[in-house]
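**Q** Task: produce atomic coordinates for the following.
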Amino acid sequence: MPFFHQVPKTEMYFQEMLSNAVHIILLGNIDMKIPALIMLRRTQELILTFIFYSEHPVELFKKEMDDNSRTVSGFNELKDYIKNYPYSMKYNVDDAEVQEIASKVIEDWTRQYKELSNFFHGTNSNFFQKTEYLDEFKFIKKDVNFLTKQVEVLSSIVNTLLIIFYFEEYIKFDETTEKSLIRSAISNNMEYKKEIVEVLKEI
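**A** Reported below is the predicted structural model:
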């Protein structure tokens, strides 16, 4: 039936995150720092939404049929959902151990979200772009380094959440291509990989 081809899929959220990444690269290279950071913040929101709706396709359908539908009350509820998810329903694991990893990731998500929100809202002049003319947009190493660090943090958060939620799919990936690429997208400075190995026994 043609109707079933119209049923929304959660993959569209993942595709939108990839679209955001393209925007961030383009904007960052011409020092449109604030728009790039706003796209990063948007990606932060999309990863939590993607995870929730991938677990609740009926709620996704309702949301797509009515954009005023409010399945969850906000991002605090989504964060609690991820922190308290019963991971033993999916894998042979101790819930508390995986929830501890998830909680650390969400703490970092929250810390970054607060920082990016300062740029989004222009909390004070420290978070202004202060650009007046078009020819002022150019490659500025300091801003690119800051944006690169923010991308590294978010990439680590996104890929760690995807691993702990979809571990059985992850372990089926090819070791030298997909797995290697995902592992390299998680910063060694954040210790997520070490914690995943301790709990899930591989990465």
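
**Q** next helix or strand past the lengthiest helix in the chain?
**A** Ranked by residue count and defined by DSSP state H, the top helix of the chain is helix 95-121. Going down the chain from helix 95-121, the next helix or strand is helix 141-165, by DSSP states H and E.

**Q** who's in contact with residue 103?
**A** Residues in contact with residue 103 (CB atoms under 8 Å, 6 or more residues apart in numbering) are residue 83. Where C-beta positions appear, they are placed from N, C-alpha and C, glycine not excepted.

**Q** And the nearest residue to residue 38 once chain neighbours are set aside, how far from residue 48?
**A** Using CB to CB, 6 or more residues apart in numbering and skipping the chain neighbours, the partner closest in space to residue 38 is residue 120 (5.5 Å). Counting by CB to CB, to the nearest Å, the separation of residue 120 from residue 48 is 16 Å.

**Q** what about these two, which has more around it?
**A** Using other CB atoms under 10 Å as the criterion, residue 120 and residue 48 rank with residue 48 on top: 23 against 16.

**Q** What strand or helix carries that one?
**A** Using DSSP H and E, residue 48 falls in helix 33-55.

**Q** That helix: which residues count as buried?
**A** Within helix 33-55, the residues scored as buried using 16 or more other CB atoms under 10 Å are 33-44, 46-54.

**Q** cool, stretch 188-203 as well?
**A** 190, 192, 193, 195, 196, 199, 200, 203.

**Q** can you check stretch 101-109 too?
**A** 101, 102, 104, 105, 106, 108, 109.
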